[in-house]
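>>> What follows is a protein structure lacking sequence information:
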C-alpha cells in the first residue's frame, strides 16, 4: 500500500468507529464486562478521540508530509513488536498507526486487559483491504523484531530493558501529569481541569495526579468546584479504592481533605492512587517552575494557564490532556521518525 491508500483506509476506519455498527457495540460491551475500568463512556471517549484526532485525513497528511518521500510503498519487510499497555482502551493505537504508516508489520502483544477491541479493528481493516494481513499480526511471544515499542510500568520496564535493549527500541515506563495553578484560574477553567484529573478514572499517563499550588492557595475550592464528578463514587472499583486509601490515611492520622469521591493530600510523589490527588506548594512562580524541572523525567504533560508557562510552551490548556494530537508523542519521542529512521 502506498501512503495515499493507507490514509484512505484509515478514513474508512474513522467512519467505522464513529458509526459504531453492531459488531463494534458488542466489542465495547465485552470490553466492559472483562475490564471494569472500561466503561461504555470511557471506551466511546477513546474511540472518539482516535477517530477525530488520529484518523482525520488533513491531520494525517500534515503529520506525514515531511516523511512521505522516505516511506516505502512495497510489501512490509520489517517487523515492529508492539507491547501494549491496558490502562485505557486502545492506549497503544498511536504506536500501531506510526508502524502502519512507516510500512512495518506490527506484531501486537495485546494487554490481557484490552483484548476485545483490537481484533475488531483488525477484522474491519481486512474487510476493506486484504493487504492489511501483511501489516497486523497478533502474538503472545516477541521474537527477533527489527524494532520494538513497549509500554509498561517501572517493573516491566526492567524486563523490557533486559530482553529488548539490543533491538532499536522505545521502552516506556511510568509517567504522570501535573497541573500548575497560580490562583488566577476561573471556576470554568478549574472545571476543565477536573476532566484532566478524572477521565478514565485517572488511570492514564496524561491524567493529572499532582497539582502545584501557591503557598496561600485554598485547595478546598477544588473539592467544591468538582462536585459534579460525584458519579465516580457509583463505580465499584473506584469506590473500593476511595474507601481503602481513606482508611489508610485515617489509620496513619495523616492530614487530608475529602469529599464524597476524592481525597486530597499534600505529597511530593507525582503518582497518586485512584480516587486520590496529590498537591504541592511553591513559594513563587520561579520556584514552581524549578519544581517542574526537577520532575521533568517523570512528567508526561503539564496543564496550566499561567502566562510564563504558556510562553515557554511548557503547558497545555486545562481540559486537553486526554486529547493529544498526532504530534503529541508519548515521552516526547517521535515514534514515526524513529521507525522511518530504523527501517
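Arrived safely. Please read these numbers as outputs of a predicted model, since none were measured by experiment.
>>> Could you report the neighbour count for the residue lying closest to residue 335 once chain neighbours are set aside?
Of all residues not flanking residue 335 in the chain, residue 98 sits nearest, at 4.2 Å (CB to CB, 6 or more residues apart in numbering). No exception for glycine: its C-beta is placed from N, CA and C like everyone else's. When counting by other CB atoms under 10 Å, one arrives at 26 neighbours for residue 98.
>>> can you check residue 287 too?
The local packing of residue 287 (other CB under 10 Å) involves 13 other residues.
>>> Identify the residues contacting the closest residue in space to residue 36 that isn't next to it in sequence.
Spatially, and ignoring its direct neighbours in sequence, residue 36 is nearest to residue 237 (4.9 Å; CB to CB, 6+ apart). Residues near residue 237 by CB atoms under 8 Å, 6 or more residues apart in numbering: 36, 37, 201, 274.
>>> let's see it at 10 Å
When contacts are counted by CB atoms under 10 Å, 6 or more residues apart in numbering, residue 237 touches 35, 36, 37, 39, 201, 274, 275.
>>> With residue 43 instead?
Counting by CB under 10 Å, 6+ apart, residue 43 has contacts 24, 27-29, 31-32, 35, 37, 88-90, 114, 116-117.
>>> can you give me the helices for the protein?
For the chain, applying DSSP state H gives helices covering 3-19, 22-34, 40-49, 57-64, 93-101, 117-128, 154-164, 187-198, 220-225, 236-251, 285-294, 307-311, 335-341.
>>> pretty sure residue 323 is touching residue 192, no?
No - between residue 323 and residue 192 there is no contact under CB atoms under 10 Å: 11.4 Å.
>>> for the stretch 151-300 of the chain, which spans come out with low pLDDT?
When residues are selected by pLDDT under 70, none of them lie in the stretch 151-300 of the chain.
>>> The same query, at a cut-off of 90, please.
Screening the stretch 151-300 of the chain residue by residue with the criterion pLDDT under 90, one finds the ranges 153-155.
>>> pretty sure residue 93 is touching residue 121, no?
Yes - with contact defined as CB under 10 Å, residue 93 reaches residue 121; the gap is 8.4 Å.
>>> This protein - how does it break down into domains?
The record's domain split for the chain, according to automatic domain parsing, is 3-173, 176-311.
>>> For residue 129, see how far away the residue nearest to residue 200 when sequence neighbours are not counted is.
Taking CB to CB, 6+ apart as the measure, residue 200 lies nearest to residue 88, with 4.6 Å between them; neighbours along the chain are not counted. Taking CB to CB, to the nearest Å as the criterion, residue 88 is separated from residue 129 by 28 Å.
>>> More neighbours: these two, which one.
Neighbours were counted for residue 88 and for residue 129 using other CB under 10 Å; residue 88 has more, 24 against 15.
>>> give the contact list for that one.
If a contact means CB under 10 Å, 6+ apart, then residue 88 has 37-38, 42-43, 45-46, 113-114, 199-201, 203-207, 322 as its contacts.
>>> Kindly report the same for residue 273.
If a contact means CB under 10 Å, 6+ apart, then residue 273 has 202, 209, 241, 242, 244, 245, 248, 263 as its contacts.
>>> same thing but at 6 Å, please
Remark: with contacts taken as CB atoms under 6 Å, 6 or more residues apart in numbering, residue 273 is in contact with residue 245.
>>> mind checking how far it is from residue 336?
Look at residue 273 and residue 336: by CB to CB, they are 34 Å apart.
>>> Residue 84 too?
According to CB to CB, residue 84 stands 18 Å off from residue 336.
>>> same deal with residue 209?
On the measure of CB to CB, residue 209 and residue 336 end up 28 Å apart.
>>> More neighbours: which of the two?
When residue 209 is set against residue 336 and neighbours are counted by other CB under 10 Å, the residue ahead is residue 209, at 25 against 22.
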